[in-house]
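Novice: Quick check, what structure comes out for this input:
(chains A and B)
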Amino acid sequence: MLRIDPRVAVHAPCGHCPFPILHFRRSAVIRFDNVSKRYDTGHEALAELSFEIGAGEMAFVTGHSGAGKSTILKLIALQERATRGQIAVNGHDLARTGRRGIPQLRRGIGMVFQDHRLLLDRSVFDNVALPLVIAGTARDETAKRVRASLDKVGLLEREQALPLALSTGEQQRVGIARAIVAKPPLLIADEPTGNLDPQLAGEIMGLFGEFQRVGTTVLVASHDLPLIKRLGKRVLVLDHGRLIDDFRPLP
Amino acid sequence: MNRRKAQNRLKPALAPAASGASVARVRWNLRAWREQHRHSLTASLRRLAARPLATTLTLAVLALALTLPLLFWLLLDNARALGGTLEDAGALSAFLKPDRDVAAAQALAARWRERADIATVEVKTPEQGLEEFRSQSGFADALKVLHYNPLPAVLVITPRADAHEAGAALADELRRDPAVDLVQYDAQWRQRLSAILAAGSRAAGVLALLLALAALLVVGNTVRLDIQGRREEIAVMQLLGASDGFVRRPFLYTGFWYGVLAGGLSLAVTGLVEWTLAAPLAQLAASYDHRFGLHGLSLAGTLLVLGGSTALGWLGAWLTASRHIALGQPG
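Specialist: Presented below is the predicted three-dimensional model:
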């Protein structure tokens, strides 16, 4: 019987990769190797970017607007493909992940968006349940996990509300509950506090810190430097698509 | 235990035990499959119910497209059955000139019976003819007014050869006999009728094909609009890891429901038309004493219509959904 340390395991054998054992050797959840991204418009968003994010690590990506923060997150979730270079996420080699492999990749990534992207015609409960419905989880199990997830973000009593009946901060918390409900090994967030006042932003970032403490790898793109500094986590600083600083907190 | 582990396989935790994992996986896949289909089934029904007017209009168009060829086909089928109840097609009827009496008719019959190409000759006297006419034509009251019998003697001749050329040649020959006024040869018009029916069948087939294509386009277009209206929802679901199949499934079920409901509606409309026509046609049939009843669709036919319309709805949705959902995803 195989027992793997959760901090080393990138993800459980998924049954579709030719070399499942590789998943247990790599410790990086995200690995960028000389990655460049040039959009069809000719704009070069990323240039020869290399970095690794280990399992259970929490990191911020920051930089001026247009520095390439969002592009990194889009490449990780295969919303875009790299022009050059290698990217590995959760043990998936993204260059080798075809259209059919994208859903499997994304089910291992919890995504939080600046504009939360909730479905406005469905209740909070249904929104949070969506990743489980997509994965085909049984109904009673889904209900249990959705409530646990809503409880974690402090919105258990609002499960039947429609998203528009909630405040901006609450909407963002529903978005986070949706991102973590399927217990993905990796959580990525694109400017999750962009629309929030400093106090709410601090609360949201605190939530991400909690998820890291239970073993989830977290990558947050944000330009809120004061807040990032206060949290004392690893920070990748981008400038015009290049990595100019990789600040790691002292252990 | 395996089931629980399998559900949590995305968690960065202990890997499921190797033994029994595949069994758990199969069970998980089956359950997931069932859950997802249940979800899609109810979601698609909710979507239809959410826009009752649009759904009703689409259903009406689809049902119309199905009903037209169905009615046409039923008409043909009934006409074919009517043709089948008519008398033996091979027989010729030779109407003698009015001045020939029954004795002359018997003599002529005896002479013709000797011919090698004639099997039987039956004599119908004017009295028999009048009786038949009175009971079958519905003109009994009018006939009472007549003071004499205007009908001639008739010889009903069955040719020996089955080939209709022989019958036609015989008819020509009988026509030349000075005692014969008129020869009626049923096979000829029967042939014409069957040719008309065949042409009608073909026309019904072409019509059905064209209208099936129209139904396909209607479903396809409806699903396309539905997909466009749900672009954001589809994008979110794809970001959350929904496969193309998962995104497509509710739309396929939408097509399925359109097909089932339109098929049922068209059967109902067809039944209504049958019911409306049944009484006047029965009256007409009674007056001819033909006793032809209007017959509707058989159970097999009903199931075929339902199955066909369902398949059309599904196919229309599949063609559109597959094309449109693939857009907006990187290759």
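
Novice: rest of the way, CA atoms for contacts and neighbours
Specialist: OK.

Novice: How many neighbouring residues does residue 119 have?
Specialist: Using chain A here. 21 (other CA atoms under 10 Å in any protein chain shown).

Novice: was after chain B, sorry
Specialist: 14.

Novice: Then the one 4 residues further on?
Specialist: A total of 19 residues lie near B:V123 under the criterion other CA under 10 Å.

Novice: I'd like to check which residues are in contact with it.
Specialist: Taking CA atoms under 8 Å, 6 or more residues apart in numbering or on different chains, we find B:V123 in contact with B:105-106, B:109, B:153-156.

Novice: Show me what it is bridged to.
Specialist: In this entry, B:V123 is beta-bridged to B:L155, by DSSP bridges.

Novice: Quick one, grab the pLDDT at it.
Specialist: B:V123 carries a pLDDT score of 86 in this model.

Novice: could you check the distance from it over to chain A?
Specialist: Applying CA to the nearest CA, to the nearest Å, the value for B:V123 to chain A is 82 Å.

Novice: what's the distance between B:S309 and B:I227?
Specialist: 22 Å (CA to CA, to the nearest Å).

Novice: Comparing the two, which residue is more hemmed in?
Specialist: Neighbour count, other CA under 10 Å: between B:S309 and B:I227, B:S309 has more, with 29 against 20.

Novice: Which strand or helix spans the residue lying closest to that one once chain neighbours are set aside?
Specialist: Leaving aside its sequence neighbours, B:S309 sits nearest to B:G259 (CA to CA, 6 or more residues apart in numbering or on different chains; 4.7 Å). Per DSSP states H and E: B:G259 is located in helix B:244-288.

Novice: ok, then the element right after that helix?
Specialist: Assignment by DSSP H and E places the next element after helix B:244-288 at helix B:299-326.

Novice: Flag every buried residue along that following helix.
Specialist: By neighbour count on 16 or more other CA atoms under 10 Å in any protein chain shown, the buried set for helix B:299-326 is B:305-306, B:308-322, B:324-325.

Novice: same question, stretch A:244-251
Specialist: Buried, per 16+ other CA under 10 Å, within stretch A:244-251: nothing.

Novice: Quick check: residues of the stretch 51-200 of chain A near chain B?
Specialist: Contact residues, the stretch 51-200 of chain A versus chain B (CA under 8 Å from any CA of the partner chain): A:77-81, A:98-100, A:102-108, A:110-111, A:117-119, A:130-131, A:133-139, A:182-185.

Novice: On the pLDDT front, check residue 17 for me.
Specialist: All of this refers to chain A. In this model, A:C17 is scored at 49, pLDDT.

Novice: right idea, wrong chain: chain B
Specialist: pLDDT at B:A17 comes out at 41.

Novice: I'd like the distance from the helix holding B:G259 to the chain centre, please.
Specialist: With CA atoms, centre = their mean, to the nearest Å as the basis, helix B:244-288 stands 11 Å off its chain's centre.

Novice: Now do that helix against helix B:299-326, angle only.
Specialist: Going by axes from the mean of the first three to the mean of the last three CA atoms, to 10 degrees, helix B:244-288 is angled at 150 degrees with respect to helix B:299-326.

Novice: show me where pLDDT drops low in the stretch 101-250 of chain B?
Specialist: Applying pLDDT under 70 to the stretch 101-250 of chain B flags the ranges B:136-138, B:161-165.

Novice: what about the residue in it positioned nearest to chain A, is that helix, strand or coil?
Specialist: For the stretch 101-250 of chain B, the residue closest to chain A is B:G241, as judged by CA to the nearest CA, at 4.0 Å. Recorded secondary structure, B:G241: coil (DSSP: H, G, I helix; E, B strand; the rest coil).

Novice: per the record, what domains does the chain have?
Specialist: In the absence of a named chain, this looks at chain A. A:1-107+A:188-193+A:206-251, A:109-183 (automatic domain parsing).

Novice: Not quite, go with chain B.
Specialist: Split by automatic domain parsing, chain B gives B:38-85+B:192-326, B:92-161.

Novice: residues touching B:A79, list them.
Specialist: Counting by CA under 8 Å, 6+ apart, B:A79 makes contact with B:L197.

Novice: can you tell me the helix or strand for it?
Specialist: Per DSSP H and E, B:A79 falls inside helix B:52-85.

Novice: and that helix with helix B:244-288, angle?
Specialist: Interaxial angle, helix B:52-85 versus helix B:244-288 (the same axes, to 10 degrees): 40 degrees.

Novice: Please state the mean pLDDT value computed over whichever helix or strand comes after helix B:52-85.
Specialist: Later in the chain than helix B:52-85, the nearest helix or strand by DSSP H and E is strand B:92-96. Confidence for strand B:92-96, expressed as mean pLDDT, is 85.

Novice: mind exporting the helix or strand just after strand B:92-96 as CSV, just the C-alpha atoms?
Specialist: The helix or strand immediately downstream of strand B:92-96 is helix B:102-113, counting by DSSP H and E. Written as CSV, here are the backbone C-alpha positions of helix B:102-113 (Å, rounded to 0.1, in the frame of the first residue of the first chain):
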residue,chain,number,x,y,z
VAL,B,102,-80.9,-12.3,-71.0
ALA,B,103,-81.2,-15.3,-73.5
ALA,B,104,-78.8,-13.5,-75.8
ALA,B,105,-76.5,-12.9,-72.9
GLN,B,106,-76.5,-16.5,-71.9
ALA,B,107,-75.7,-17.6,-75.5
LEU,B,108,-72.8,-15.1,-75.6
ALA,B,109,-71.6,-16.4,-72.3
ALA,B,110,-71.6,-20.0,-73.4
ARG,B,111,-69.7,-19.0,-76.6
TRP,B,112,-67.0,-17.1,-74.6
ARG,B,113,-66.7,-19.9,-72.0
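
Novice: Just give me how far helix B:102-113 sits from the chain centre.
Specialist: Centre-to-centre, helix B:102-113 and its host chain are 48 Å apart (CA atoms, centre = their mean).

Novice: Same question for stretch A:65-79.
Specialist: Its chain's C-alpha centre and that of stretch A:65-79 lie 11 Å apart, by CA atoms, centre = their mean.

Novice: do the same with stretch A:129-139
Specialist: With CA atoms, centre = their mean, you get 19 Å for stretch A:129-139.

Novice: For that stretch, list every residue counted as buried.
Specialist: For stretch A:129-139, by 16+ other CA under 10 Å, it's A:129-138.

Novice: Any chance you could give me that stretch in PDB, C-alpha atoms only?
Specialist: In PDB, the C-alpha atoms belonging to stretch A:129-139 read as follows (Å, rounded to 0.1, in the frame of the first residue of the first chain):
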ATOM      1  CA  ALA A 129     -22.200  23.300  -5.700                       C
ATOM      2  CA  LEU A 130     -21.300  23.800  -9.400                       C
ATOM      3  CA  PRO A 131     -17.800  22.200  -9.300                       C
ATOM      4  CA  LEU A 132     -19.200  19.200  -7.500                       C
ATOM      5  CA  VAL A 133     -22.000  18.900  -9.900                       C
ATOM      6  CA  ILE A 134     -19.500  19.000 -12.700                       C
ATOM      7  CA  ALA A 135     -17.400  16.300 -11.000                       C
ATOM      8  CA  GLY A 136     -20.600  14.200 -10.600                       C
ATOM      9  CA  THR A 137     -20.500  14.100  -6.800                       C
ATOM     10  CA  ALA A 138     -23.500  12.400  -5.100                       C
ATOM     11  CA  ARG A 139     -26.200  14.800  -3.900                       C
END
